[in-house]
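Asks: need coordinates for the below:
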Amino acid sequence: LHPDGRSFLYLAAMANGLQNALSSGYSANLIRSSHMSGITSDVGMIFGQMVGGNFDNAWRFVVLSGLCTSFLVGGVVSWFAVNRFKSLALVFNALLYFAIAMATIAFTSFQQRVSLWKAASGDWDWGMNEAPSQDYLLELFTRYDSDCTGSLDEEQFKGLLKTAGITGMTDIGMSAIFRSLDVDGSKGISRDELFGLLACNADEECALIWEDDLSD
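Replies: Numbers count the residues shown, from 1 in each chain. All right, here's what the predicted structure looks like:
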C-alpha cells in the first residue's frame with residue numbers, strides 16, 4: 001500500500017480501532033491506546049479534586065497521567081519512525097498487537113475453559129443469575145460481609161472476587177470496578193449491586209457481567 005493512498009489511511013484507522021478495542025476490553029476500559037480526549041478530561045477533573053483536598057481518586061490520577069505520558073512519548077517515537085521507515089513503521093505495531101491478540105485469546109481460552117475459536121469470537125454462554133448462581137453469590141456475600149452491615153467494603157469486595165475465581169485482574173482493576181459501582185459514595189457494594197456484577201454457572205464458576213463500564 002502506498003503511504004499516501006486513501007486505502008492506507010482507512011486500514012490504519014481500522015487498525016487503531018481494533019487496537020483500542022483490545023486494550024479497552026481487557027482493562028475494564030481503563031486503558032485507551034488510540035485517543036486521549038476522555039483521559040485528559042479525567043486527569044484535569046481529578047487534579048481539581050486533589051487541589052480541593054479530595055484524594056480518593058489519586059490512584060487513578062497516577063494511572064491516567066502515566067497513560068498520557070506514554071501516549072505522548074509514543075507519538076514522538078512514531079513521528080521519527082515514520083520519517084525514517086515510512087509505512088513500514090506500522091509493521092512493528094501490527095506484529096506487536098497480533099502477538100498480544102493471540103496471547104489474549106490463548107489466556108481467555110485457558111481461563112474460561114473454552115475453545116480457541118470461542119475465545120476469539122466471544123461465543124460462549126454464562127448462567128445469568130439463575131437460581132444456582134444466586135445461591136452461590138448469596139453465600140459469598142454473607143461470608144465476606146463479616147460485620148453484617150449489608151454491604152462490602154473495598155477489601156471485602158476484592159476478597160470475594162478472588163474467591164469467585166476472578167483472578168485475571170489486578171488490584172487496581174478491582175478498585176476501579178468498586179469505585180464505578182459505588183456511585184453514591186457510600187464506600188460499600190450491596191447484594192443487589194453484586195448480583196448485577198457477577199454471573200455464575202451451576203459449577204460455581206463466575207464471570208464479570210457488569211454493564212456500567214468505566215468509560216469516558
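Asks: show me what the lengthiest helix in the chain is packed against.
Replies: Counting by DSSP state H, the longest helix found in the chain is helix 58-85. For helix 58-85, the packing partners by 3 or more Cβ pairs under 8 Å, 6 or more residues apart in numbering; DSSP states H and E come out as helix 37-51, helix 89-112, helix 171-181. Just so you know, the C-beta spots here come from the backbone N, C-alpha and C atoms, and that holds for glycine as well.
Asks: between helix 58-85 and the shortest one, find me the angle.
Replies: Put simply, helix 171-181 runs at 120 degrees to helix 58-85, going by axes from the mean of the first three to the mean of the last three Cα atoms, to 10 degrees.
Asks: so where's the protein shaky on pLDDT?
Replies: Within the chain, the ranges that satisfy pLDDT under 70 run 1-5, 22, 24-33, 122, 124-133, 167-168, 183-184, 201-205, 210-216.
Asks: picking that back up, what's the most buried one of the helices and strands packed on helix 58-85?
Replies: Most buried of those, by mean neighbour count (mean count of other Cβ atoms under 10 Å): helix 171-181, with a mean of 18.
Asks: what's the next secondary structure element after it?
Replies: Remark: after helix 171-181, the chain's next helix or strand is strand 189-190, criterion DSSP states H and E.
Asks: note down every partner strand of that following strand and its orientation.
Replies: Sheet pairing of strand 189-190 (DSSP bridges) gives strand 151-152 (antiparallel).
Asks: contact partners of the partner strand?
Replies: 141, 144, 145, 160, 186, 188, 189, 190, 194 (Cβ atoms under 8 Å, 6 or more residues apart in numbering).
Asks: okay if I get the residues you listed as JSON lines plus neighbour count and distance to residue 18?
Replies: As requested, those are arranged in JSON lines below (neighbours: other Cβ atoms under 10 Å; distance: Cβ to Cβ, whole Å):
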{"residue": "141", "neighbour count": "20", "distance to residue 18": "38"}
{"residue": "144", "neighbour count": "20", "distance to residue 18": "38"}
{"residue": "145", "neighbour count": "20", "distance to residue 18": "41"}
{"residue": "160", "neighbour count": "23", "distance to residue 18": "33"}
{"residue": "186", "neighbour count": "10", "distance to residue 18": "38"}
{"residue": "188", "neighbour count": "19", "distance to residue 18": "38"}
{"residue": "189", "neighbour count": "24", "distance to residue 18": "33"}
{"residue": "190", "neighbour count": "18", "distance to residue 18": "37"}
{"residue": "194", "neighbour count": "23", "distance to residue 18": "33"}
